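Peer 1: sharing a model prediction with you, sequence too.
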Amino acid sequence: MSEEKKVALVTGASRGIGRAIAEQLATDGYTVIGTATSEGGAQSISDYLQAAGNQGCGMKLDVADEDSVTSVVKSVSTEFGAPLVLVNNAGITRDNILMRMKGDEWSDVIETNLSALYRVSKACLRGMTKARWGRIVNITSVVGSMGNIGQSNYAATKAGAEGFSRALARELGSRSVTVNCVAPGFIDTDMTRELSDEQRALMLGQIPLGRLGAPEEIAAVVGFLCSEAAGYITGETLHINGGMYMA
Amino acid sequence: MSSIEERVKKIVAEQLGVKEDEVQTEASFVEDLGADSLDTVELVMALEEEFETEIPDEEAEKITTVKLAIDYINENLA
């Protein structure tokens, strides 16, 4: 790291994997800006960053809204400097089998999980190409590779994000900007805590390591991909799933 | 204060890594000066900063030669 701290932008950072990533990047010496969809979420991000002694803060952002994205990236750039590390982590699920899926369950997931990559990445590229250095990490899912019942919308966005990343990696390689994905399996977060005991037992039976992953185990890999040491990795997807899916 | 033409040519030379005397007025960024698609986007970004303006994407796409860049600046800012 140079003496001037780089700015890292993490979407969906109020809890779960996003929070662990924001905390990891704070530890690694970045000024971290975390985003959440509500003011309360943004405040909680500011609180934990401040507790960690970080100069960054939480901001309210709706990744499905282009104006919101433009204005947040602009204000981050003015107040803290252009983000050279971007972690697209914000995501939602609207599970339903396709035969019952409503149009808005499909389109909400596409907008928040996939079209957001277009909006947020594009808004950050100017700073990265100018700096001739950048790191984009998109958080996908094992479901993008394996599929899952009731998640055709979610799986489409996660597989789509991986294709997006490979294309962008080619576009930006000449500027030393790397673009990679991290694909978590079952991680111990609010999302998986909603499962019934029966579902949980079934799931654990498919995982060679026999346990859920911790958010910190995802964050550590994101931290590595953002580091100088990972400068020759681009267009890649790293799977972190306890062995439940081996490519 | 240098002329708009001189300022544009200086930026083109810096962005595309060519000598200023190679930047002929009629030169095409891609065909004559070896720019790729990302270079042309960055060149427009640099022009925006130099002349403190915003060039809309649909206009930026038409700026493919040194002369077109100079003309655009002259027409919109002079």
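Peer 2: Yes, it's here.
Peer 1: in this structure residue A:224 contacts residue A:230, no?
Peer 2: Yes - using Cβ atoms under 8 Å, residue A:224 is in contact with residue A:230, at 5.5 Å. (Each C-beta comes from the backbone N, C-alpha and C, glycine too.)
Peer 1: next secondary structure after the helix or strand of chain A with the lowest mean pLDDT?
Peer 2: Across the helices and strands of chain A, mean pLDDT, DSSP states H and E gives its lowest value to helix A:190-193, namely a mean of 80. Using DSSP states H and E, the helix or strand that follows helix A:190-193 towards the C-terminus is helix A:197-204.
Peer 1: and that following helix, average pLDDT?
Peer 2: For helix A:197-204, mean pLDDT rounds to 88.
Peer 1: contacting residues around stretch B:28-36?
Peer 2: Identification of contacts with stretch B:28-36 by Cβ atoms under 8 Å, 6 or more residues apart in numbering or on different chains yields A:174, B:12, B:16, B:18, B:22-24, B:27, B:39-40, B:43, B:64-66.
Peer 1: residue numbers of chain B in contact with chain A?
Peer 2: By the rule Cβ under 8 Å from any Cβ of the partner chain, the part of chain B lying against chain A is B:36, B:38, B:41, B:42, B:45.
Peer 1: try 6 Å
Peer 2: Neighbours of chain A within chain B, by Cβ under 6 Å from any Cβ of the partner chain: residue B:42.
Peer 1: OK, contacts around the residue sitting nearest the centre point of chain A?
Peer 2: Residue closest to the mean C-alpha point of chain A, counted by Cα atoms, centre = their mean, is residue A:89 at 2.0 Å. Counting by Cβ atoms under 6 Å, 6 or more residues apart in numbering or on different chains, residue A:89 touches A:10, A:11, A:12, A:18, A:139.
Peer 1: can you give me the strands in chain A?
Peer 2: For chain A, applying DSSP state E gives strands covering A:7-10, A:31-36, A:57-60, A:83-88, A:134-139, A:177-184, A:237-240.
Peer 1: quick one: the residue positioned nearest the centre of chain B from residue A:5, how far?
Peer 2: Computing the C-alpha centroid of chain B and ranking residues by Cα atoms, centre = their mean puts residue B:69 first, at 4.7 Å. Residue B:69 sits at a distance of 36 Å from residue A:5 (criterion: Cβ to Cβ, to the nearest Å).
Peer 1: residues of chain A that sit close to chain B?
Peer 2: Listed as neighbours of chain B in chain A under the rule Cβ under 6 Å from any Cβ: residue A:129.
Peer 1: could you pick out the longest helix of chain A?
Peer 2: Assignment by DSSP state H gives helix A:152-172 as the longest helix of chain A.
Peer 1: what's in contact with that helix?
Peer 2: Outside helix A:152-172, the residues within contact range by Cβ under 6 Å, 6+ apart are A:93, A:98, A:106, A:109-110, A:113-114, A:117, A:138, A:140-141, A:143-144, A:147, A:179, A:181, A:234-235, A:237.
Peer 1: related to what we said a few turns ago, can you tell me the helix or strand for the residue nearest to the centre of chain B?
Peer 2: Element membership of residue B:69, judged by DSSP H and E, is helix B:66-77.
Peer 1: need the pLDDT of residue 51.
Peer 2: Going with chain A. 97.
Peer 1: let me rephrase: I mean chain B.
Peer 2: pLDDT, residue B:51: 94.
Peer 1: repeat for residue A:74
Peer 2: What the model reports for residue A:74 is a pLDDT of 96.
Peer 1: next one: residue A:158 from chain B, what distance?
Peer 2: From residue A:158 across to chain B, the span is 27 Å (Cβ to the nearest Cβ, to the nearest Å).
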